[in-house]
Structure formats: structure tokens, C-alpha cells
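Enquirer: quick one: sequence plus predicted model below, questions after.
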Amino acid sequence: MVVADSVESGNSVRVTWRGWLIWISAALFYLYEFFIRVAPAGMASELQESFHLSAAGLGAMMGVYYFIYSPMQLLAGPLLDRFGPRQILAPAVVICTVGCLLQAMGGSSFFLGAARFCQGFGSAFAFVGAMYLAAEWFPRSMLAMLSGLTTSLGMAGAIIGETGIAAVVEHLGWRTALYAAAGLGVFVAGLIWIFVPRESAAQRARVQAVELERGPGIFKALHLVYSNPQSWLAGLAGAALYMPLSVLGALWGAEYVSAVGGIDKVSASGALSMLYVGWLIGGPLVGWYSDRIGKRRNFLLGAGVLTFLVSLVVVLVPRLPLSGYYVLMLALGFASCSQVVCFVAAVEHNRPAVAGTAIAATNMMIMLVGGVGEWLFGVLLDHFGGGSDSISAYRKAIIFLPVVAALGTVAAFFLREGFPKRKIPPGPEPMG
């Protein structure tokens, strides 16, 4: 996607109430997307029982979300450019809603896999769509702030998905929770269809600019990015920092805290939500300070070390009170939130003509690794538990987190500092 300030200049765009309505309609899609992404964490045991899945099987089914979400990142921008935001975003929300309904009505692993496919496919347009509309309706000087606000809404959706879904599941059942999620999706799709215009002059100007100043084709751009070792190092460092959110936040965390700590699932989900609070507060601060001092590598390296140490505490501490898990998860969120810097590092190590591809390729790498991580953790649970999710199995499987953090720290160590050569242009700061 080519981001334009406006037809003429970003400074000529006036902030209006209509612009806010348009942006918030799309940003709520990102909240909804994160909500359904992590909702399985509040119903993992129920899904295993209802779909007759082992831990590894559930991890594989949940990973389907990431396996379609990741490659779709590379197509989301061009599709928005070609067809317009309303024509893409509203159907994308509906596809997510269909995924919720398939998951609620299905009785076999096929339906669960199909549901996660739909959810991942539709969700791929959420963050890109919100920032696309921000670039259309706001001055460029506000894009970084709107990116932070969009990210914060995503984290809010994750917190609701962790705590709210668990409470609904406990009182009304997991199928009812998914039907409610589908109803929320219909509401968000309606908002987008009502408030987001079909197209704008800025969109038409953008398409013309793409035709006149076409950069490298998508496959050439991907080759340029992935043939650069620094791209891989930035992506691997970011993927390692994202792993706690993927493994604990999105699927296994509530079950882990409930089993190891002897805590009810609703309270355990509340503790897991602190992971997202750490990212919500720490991510924007880290991004701002990284720009201020001109360092990327040091943030990723330091975050890798801190994530390793905090996750090691998770492994070594046998049992904590509920308040202890709140503190531990918050610390893990703060430790890993520097992941946002990896996108900037990837751009600074690649040519300006492929800056967008560098961001998308890095995000694709992170999400793919996150999906594999959910599956691998389930494999470890099955291996150590002999088919049952015992306390011992969770305590052994959680060693996965510090191992991945250590590998990410090694990748960050070999990453070069790219800031002095080139800064990323102001704009969205994708997170997945």
C-alpha cells in the first residue's frame, strides 16, 4: 500500500468530526480482531473437549489463524488501493463473524480449522485498514499518534478477550460467547458500511501515483528483503519477543496459570490480561524513546535479555498467589513490548523502495513463528503430560519461553544498528 498524506499535502487535511467517525469505525475492527484472536485462551479446555483434540491438535487448529493472516498482510494494502476501504473492510469483518459462527456451530476439527481460517483471513485487513483511513482523513503529523491509539485499541480488545470471554464462558458457555462475538462483528461491519465512504479523491490520486511511480514488483521486493540477513535477524528478534503474547496471551496462558497456581480460570485470565497492559503502556513509550536516542539494536537486545529473565522466573517459581501472577505477567509484558522496534530496524536495513515490504515481510515472519509456537507448546504439553494437561506438563513445557527468548537475544546481538543511515518515514507501526 502506498500511503499518501492527501491529494496535495498532509498539512492541507483538516481534522473533522467525520474523519474521527471514519477512523474509529475501522479502529474498532482492530479491537474486534484482537478480541477474537485471543478469545480461545478463555475456552481452551472447552474447545479441546468439544472438538476431541489433544493439546497439540488444539495448538495446530489455533495456529491456522496465523498461517493465513501472515501472507495476507502482503495483499491487504493493494486490495484496499484497488477496491476502496468500505468494499474491503466491511466484508472482512463479516468473514470474521462467519468464523465465529463456524466455531460455535461446528463439532469437528474441520469446522474449528475453517473457523480460524476465516478469522485470520478477515483480521488481516484490520490494522492496515485503520491506518489507511487515518492517512486519508488526518494530517500526516497525526499518523504516529493514531497508530498508537489503534494499537491501544487492539490491546484493549485483547484484554476484553482474555477476561470478558472467560467470564461469559463460565456463566453462559463457550458457544454463547462465540455467538455474542459474532453479533459484535455484525455491529462493527454496520458501522464501517455506514460511516466509511466508498472512495475519496485521495484514494484516486494514490492509485494514479502508483501507476506513475511503480516500485519493484512484489516478488522482487520480497527477494530484496529476504535476501538481506539483517531482515531475518530483526524478524527473529521480534518473533521471539512476540512469543509470550502468542503462546500465553492468545491460547495457553489462562490454562497454565489456572493449573500451576490452582486459580480459577476467570481470575487466571485477569492475570494474563496484564501481558497486554504491559504492551499497551510500554510499546508507545519504547517507540518514542527509541526515536529520541536513535537506537534500535540495543532495545531489542535488552528486551531479549529481560524477556529471558522474566520467563525464567515463570519457569523456576513453583507457585504464586494471584497477585504474584498479575505482577509477573505485567513484567513479562513490559519486558517484551520493545518488539515494536523490530519493524523500524527492518526498514532501516532495507532500501527505501521496499520499506513497506520490509514491514509486511517482518510482520509475516513474526505471525508465522507465533502460530508455530502455539502448536509446539501443545506438542510439549502432550509429550510431558502423556495426553493429559497436568501441572507437571505445564511446568516442563513452559521452558519453551526462555529458550525462544534466548534465541531471539542471539539474533538481536548480531543485528547491526541501522538508525544513523535512515529513519523510517512517519506512519503506522504494525503489530500483527
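Expert: That came through fine.
Enquirer: show me where pLDDT drops low in the stretch 1-150 of the chain?
Expert: 1-13, 77, 140-145, 147-148 (pLDDT under 70).
Enquirer: do a quick rundown of the helices in it.
Expert: 17-38, 44-51, 55-83, 85-105, 109-123, 126-137, 143-172 (DSSP state H, counting those that start in this stretch).
Enquirer: can you give me the domain boundaries for the protein?
Expert: Following the assignment in automatic domain parsing, the chain carries domains at 13-214, 215-432.
Enquirer: against L102, how distant is the residue nearest to S108 when sequence neighbours are not counted?
Expert: Residue nearest to S108 in three dimensions, not counting chain neighbours: F51, with 6.7 Å by CB to CB, 6 or more residues apart in numbering. Yep, even glycine has a C-beta here, placed from its N, CA and C like the rest. Separation of F51 from L102 (CB to CB, to the nearest Å): 12 Å.
Enquirer: give the residues shared as contacts by the two.
Expert: Shared contacts of F51 and L102, defined by CB atoms under 8 Å, 6 or more residues apart in numbering, comprise F111, L112.
Enquirer: show me where the stretch 151-300 of the chain dips below the pLDDT cut-off.
Expert: 199-218.
Enquirer: recalculate using a threshold of 90.
Expert: For the stretch 151-300 of the chain, applying pLDDT under 90 flags the ranges 151-174, 197-226, 245-246, 249-255, 258-273, 276, 279-296.
Enquirer: what ranges does it have for its helices?
Expert: 174-195, 201-212, 218-226, 229-244, 253-261, 265-293, 297-316.
Enquirer: rewinding a little: which of the helices of the stretch 1-150 of the chain sits most buried?
Expert: Mean neighbour count, computed with mean count of other CB atoms under 10 Å, is highest for helix 126-137 among the helices of the stretch 1-150 of the chain, reaching a mean of 27.
Enquirer: looking at the helices of the stretch 1-150 of the chain, which is closest to L376?
Expert: helix 55-83 (7.3 Å; CB to CB).
Enquirer: helices or strands up against the closest one?
Expert: helix 44-51, helix 85-105, helix 109-123, helix 126-137, helix 201-212, helix 355-385 (3 or more CB pairs under 8 Å, 6 or more residues apart in numbering; DSSP states H and E).
Enquirer: averaged pLDDT, the longest one. What do you get?
Expert: Mean pLDDT, taken over the full extent of helix 355-385, equals 83.
Enquirer: what secondary structure does the nearest residue to A271 once chain neighbours are set aside sit in?
Expert: Of all residues not flanking A271 in the chain, Y325 sits nearest, at 4.0 Å (CB to CB, 6+ apart). Classification of Y325 by DSSP: H, G, I helix; E, B strand; the rest coil places it in helix.
Enquirer: dump the helices and strands packed on helix 55-83 into a markdown table; add distance to S273 as well.
Expert: Formatted as a markdown table, the helices and strands packed on helix 55-83 follow (distance: least, CB to CB, whole Å):
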| stretch | distance to S273 |
| --- | --- |
| helix 44-51 | 15 |
| helix 85-105 | 21 |
| helix 109-123 | 20 |
| helix 126-137 | 20 |
| helix 201-212 | 37 |
| helix 355-385 | 18 |
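Enquirer: of all the helices of the stretch 151-300 of the chain, which one is nearest A156?
Expert: Using CB to CB, the nearest of these to A156 is helix 265-293, at 7.3 Å.
Enquirer: list the buried residues of that closest one.
Expert: Across helix 265-293, burial judged by 16 or more other CB atoms under 10 Å covers 265-284, 286-287, 290-291.
Enquirer: tell me how far that helix lies from the chain's centre.
Expert: Mean-position distance between helix 265-293 and its chain equals 13 Å (CA atoms, centre = their mean, to the nearest Å).
Enquirer: show me what it is packed against.
Expert: When contacts are defined as 3+ CB pairs under 8 Å, 6+ apart, helix 265-293 packs onto helix 143-172, helix 253-261, helix 322-336, helix 341-348.
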